[in-house]
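>>> Quick check, what structure comes out for this input:
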Amino acid sequence: MQGAGKALHELLVSAQRRGCLTAGVYESAKLMNVDPDNVAFCVLAADEEDEGDIALQIHFTLIQAFCCENDIDIVRVNDVAKLAAIVGPSEESGEPRDLHCILITNSNEDGWKDQALEKLNLFCEESRHVNDWVPTITLPE
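Here you go, the predicted model:
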């Protein structure tokens with residue numbers, strides 16, 4: 001589990017550097033609608049206080065269904081603050097961004113393979129074998 005958290009941290013940093021990270025529930029939904037084949041990985045994040053947000057839970061359910069339908073691996077994170085520390089504010093506006101849903105898209109670079117993404121894909125595959133379809137990952141400190 002800790003290895004998956006470290007791999008997710010590495011993937012988020014790498015994807016942001018390469019411009020392959022989309023943050024926000026609505027931004028993610030738009031991207032999945034336009035170009036689902038380009039989505040490589042999905043992260044859903046919610047703190048304890050978000051668990052009572054019915055609208056957010058409905059969005060999560062729809063995103064999960066879409067990811068399952070399109071063979072996109074998906075994980076949950078229970079600490080939005082840790083995600084914010086990794087991803088940071090929006091580069092354009094400097095404002096905090098919605099990190100409840102983060103998509104990692106395929107890089108435009110030919111032959112680019114991210115080892116962290118491969119580790120997470122394996123982690124998700126192993127989780128599905130024990131009927132955990134959306135495993136929760138704990139990010140490292």
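>>> From here on, just use CA atoms for contacts and neighbour counts.
Fine.
>>> What separation do you get for the most centrally placed residue in the chain and N70?
Centroid-nearest residue in the chain: V43, 2.0 Å away (criterion: Cα atoms, centre = their mean). In this view, V43 and N70 are 15 Å apart by Cα to Cα, to the nearest Å.
>>> And for I102?
16 Å.
>>> Comparing those two, which shows the higher neighbour count?
I102 (23 against 13; other Cα atoms under 10 Å).
>>> so how far is stretch 50-70 off the chain centroid?
Relative to the centre of its chain, stretch 50-70 is centred 13 Å away, using Cα atoms, centre = their mean, to the nearest Å.
>>> can you list contacts of it?
Residues outside stretch 50-70 that contact it (Cα atoms under 8 Å, 6 or more residues apart in numbering) are 25, 29, 36-37, 42, 44, 73-74.
>>> just curious, which of those residues is nearest to R17?
C42 (17.1 Å; Cα to Cα).
>>> Using PDB, list the CA coordinates for the helix or strand harbouring the closest one.
In the assignment (DSSP states H and E), C42 maps to strand 39-45. Coordinates of each C-alpha in strand 39-45 appear next as PDB, following Å, rounded to 0.1, in the frame of the first residue of the first chain:
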ATOM      1  CA  VAL A  39      -7.100   9.200 -20.200                       C
ATOM      2  CA  ALA A  40      -4.500   6.800 -18.600                       C
ATOM      3  CA  PHE A  41      -5.400   7.100 -14.900                       C
ATOM      4  CA  CYS A  42      -8.000   8.700 -12.500                       C
ATOM      5  CA  VAL A  43      -7.700   9.800  -8.900                       C
ATOM      6  CA  LEU A  44     -10.800  10.700  -6.800                       C
ATOM      7  CA  ALA A  45     -10.100  12.600  -3.600                       C
END
